[in-house]
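> sequence unavailable; structure follows:
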């Protein structure tokens, strides 16, 4: 059968453990079922102690061979309190012989949460509540719980779309763009929606109806489990929208997006920065970046050439090479801010 | 495991995610489903290796305390290859023992006798009698009648060598699970018709009996855990071979598909169990009913919240009930003087 020790100790393994216990709750498990199922997965003795009336304690233990109250009683190798509201209602634990399994803590954590749900049943969270928890998580476990409930693989590549609350941007995306059971979420006057990243071959754009004038921002791509880290880039992109460009993709802002307020965005998420870092690994690349740095400071080909004691055609050639490398015209006026942001961030890194 | 795209129809209609797909599933079994590997019965090589991997885990550290295992090789029927048998007996056996001829499952195409070692050992310890587990040839490499003939040859051997094996030839039970249950039913029918071996009891667990695939459960259960209609279709095609014309084929033997047998009289007392979310459920129940109507003594139980093969979740309360009841039925069927379980 299945064993906790055989699961990978990564997000995929964590999600499977979460799903295992969530399924127990959805199917109406009682404490005895919880213990039997926990022992089977853990492949060791599990136990629960709950507070009874008049301060008494009710202790139950079960082993994976199907025996209640197995003897001898061993050390509780991993334990967790059962908390209902602000009250400690009991404790769960496992008694593992030998080496600990990496997922032991997650298993016991889930045992405790499940026990709490059984002892005091709560209304199951809705898809909207899970979606909100995914975008505004308290911790990593909350993210994985939300992913599990929404049937989204944590590694799924997604983007966050931000508009003003009540607006409908009518984005041009292909069908089935919503991952799992995610729904739209309202946060601080903004509407946030998770979409599957269509990849570079299918760029997201507005439907072209500028009369609608609904401004939207699309975040950088991220794993579903990290979507909360890129919301700021979607808001920043939306704030750059205009009548001419009602939908702005953070990708198109390049390094500028790293100046967005909110949680710090890792440079590796931005293609401009990874491309720039790639150039720094070679002498030629370093030379090219130096040329761009001077050009942005000087403003013209001739001034750059004079500063660097080069022919202006050499400068132009270098800038062309850089433009090819970065995928945008580094010397174009409309990209001046983007290129400058990239150089400044590179220097400060 | 995860859907990358929303099930838009359900989602747009306000699907209640708190409502699971199979809401009547027992909680422990529902949780187990989340851990079961994905299977593709059309890829037999992978199915066999996946199953064997799971079995290896099950057999690791298996204790044989108090149980003696003899590995026998016995002649096949006619010119068929020899057959491997695993004979389990109590270490402290006295006198002639009742015996269960146990036939493993696996859709006629996967599985081994060794995979049933834990079950066989449990039966010997609980009831104190012998179990013979037969390693029959698998389809599609060996289609019907090969696997059935192997099981029947094992039965003949047990009966004809009963004294030598320490077995009571008047207390031979034939049993099996899933395709093994179908093979057990077919073997028992053949034993009745050949008149050589008096089978004393029939133990049919979630038997695969009917290639016609026209019951309500077989029609509706297209995506139930572990076994479903698509798997059943493939299973019968593997078993019945290249000449099989499909469910409308009039030439399917009753030993291959026992549900096709019209005459179920003079068959031994039977225990038959079915699982709720199992496409095989209704053909099992119908077979039990027809046995009763033919004058056969039958105990029938359909277990709630279960799926085909959910007994592998041995710690689940409903699985334990199923095992206990099955052993009690076997005990009564073979008049074994073991303590009530």
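Noted; the coordinates are in hand. Quick caveat, the model's predicted, so the values are computed rather than measured.

> residue numbers of the stretch 1-150 of chain A in contact with chain B?
A:1-3, A:16, A:19-21, A:23-24, A:26-30, A:32-33, A:36-37, A:39-41, A:62, A:64, A:66, A:124, A:126-127, A:130, A:149-150 (C-beta under 8 Å from any C-beta of the partner chain). Yep, even glycine has a C-beta here, placed from its N, CA and C like the rest.

> for ChimeraX, write the select line for the buried members of those residues.
In ChimeraX syntax, the buried subset of the residues of the stretch 1-150 of chain A next to chain B is picked out as below (16 or more other C-beta atoms under 10 Å in any protein chain shown):
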select /A:1,2,16,19,20,21,23,24,26,27,28,29,33,36,37,39,40,41,62,64,66,124,126,127,130,149,150
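
> shouldn't residue B:238 be within a helix?
Yes - assessed by DSSP: H, G, I helix; E, B strand; the rest coil, residue B:238 belongs to a helix.

> which residues does it contact?
B:44, B:107, B:108, B:109, B:139, B:140, B:143 (C-beta atoms under 8 Å, 6 or more residues apart in numbering or on different chains).

> which of the residues you listed sits closest to chain A?
Among the contacts of residue B:238, residue B:107 lies closest to chain A (C-beta to the nearest C-beta), at 19.3 Å.

> among the residues of the stretch 1-150 of chain A next to chain B, which are in strands?
Using DSSP state E, the subset of the residues of the stretch 1-150 of chain A next to chain B located in strands is residue A:62.

> run through who's touching stretch A:326-344.
A:253-256, A:258-259, A:271-273, A:275-276, A:289, A:292-293, A:295-296, A:301, A:319, A:322-323.

> which residue is nearest the centroid of the chain?
Unless you meant another one, I'm taking chain A. Residue closest to the mean C-alpha point of chain A, counted by C-alpha atoms, centre = their mean, is residue A:226 at 1.1 Å.

> oops, chain B please
residue B:177 (1.0 Å).

> so how far is residue A:343 from the closest residue to residue B:334 other than its chain neighbours?
Distances taken as C-beta to C-beta, 6 or more residues apart in numbering or on different chains put residue B:98 closest to residue B:334, at 4.0 Å, once the chain neighbours are dropped. Relative to residue A:343, residue B:98 is positioned 88 Å away (C-beta to C-beta, to the nearest Å).

> can you check residue A:242 too?
With C-beta to C-beta as the criterion, residue A:242 and residue A:343 are 25 Å apart.

> for residue A:293, same thing?
5 Å.

> those two - which one has more neighbours?
Neighbours per residue (other C-beta atoms under 10 Å in any protein chain shown) separate residue A:293 from residue A:343, with residue A:343 holding more: 20 against 17.

> can you classify the more buried one by secondary structure?
Judged by three-state DSSP, the three-state class of residue A:343 is helix.

> let me see the contact set for residue B:264.
Residue B:264 neighbours (C-beta under 8 Å, 6+ apart): B:287, B:290, B:291, B:293, B:294, B:296.

> of the residues you listed, select the buried ones using a ChimeraX command.
Buried members of those can be picked out in ChimeraX with the line below, counting by 16+ other C-beta under 10 Å:
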select /B:287,290,291,296
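
> among the contacts of residue B:264, which are located in helices?
Here DSSP state H is the test, and the contacts of residue B:264 give B:287, B:290, B:291, B:293 as lying in helices.

> out of these, which one sits closest to residue A:85?
Closest to residue A:85 out of the ones in helices among the contacts of residue B:264 is residue B:287 (53.6 Å), distances taken as C-beta to C-beta.

> quick check, pLDDT for that closest one.
Turning to residue B:287, the model gives it a pLDDT of 98.

> go on, residue A:349?
Turning to residue A:349, the model gives it a pLDDT of 72.

> that one reaches residue A:268, doesn't it?
No - shown here, residue A:349 and residue A:268 do not form a contact pair, counting by C-beta atoms under 8 Å, at 10.9 Å.

> got any ranges where chain A has weak pLDDT?
Along chain A, segments meeting pLDDT under 70 span A:1, A:53, A:166-176, A:200-213.

> 80 instead, please
A:1-2, A:52-56, A:122-123, A:165-176, A:199-214, A:262, A:349 (pLDDT under 80).

> the stretch 51-200 of chain B now?
B:54, B:57-58.

> quick one: the helices in it, in order.
Along the stretch 51-200 of chain B, the segments classed as helices by DSSP state H, counting those that start in this stretch run B:117-127, B:146-160, B:162-165, B:179-194.

> and residue A:267, how many neighbours?
Residue A:267: 17 neighbours (other C-beta under 10 Å).
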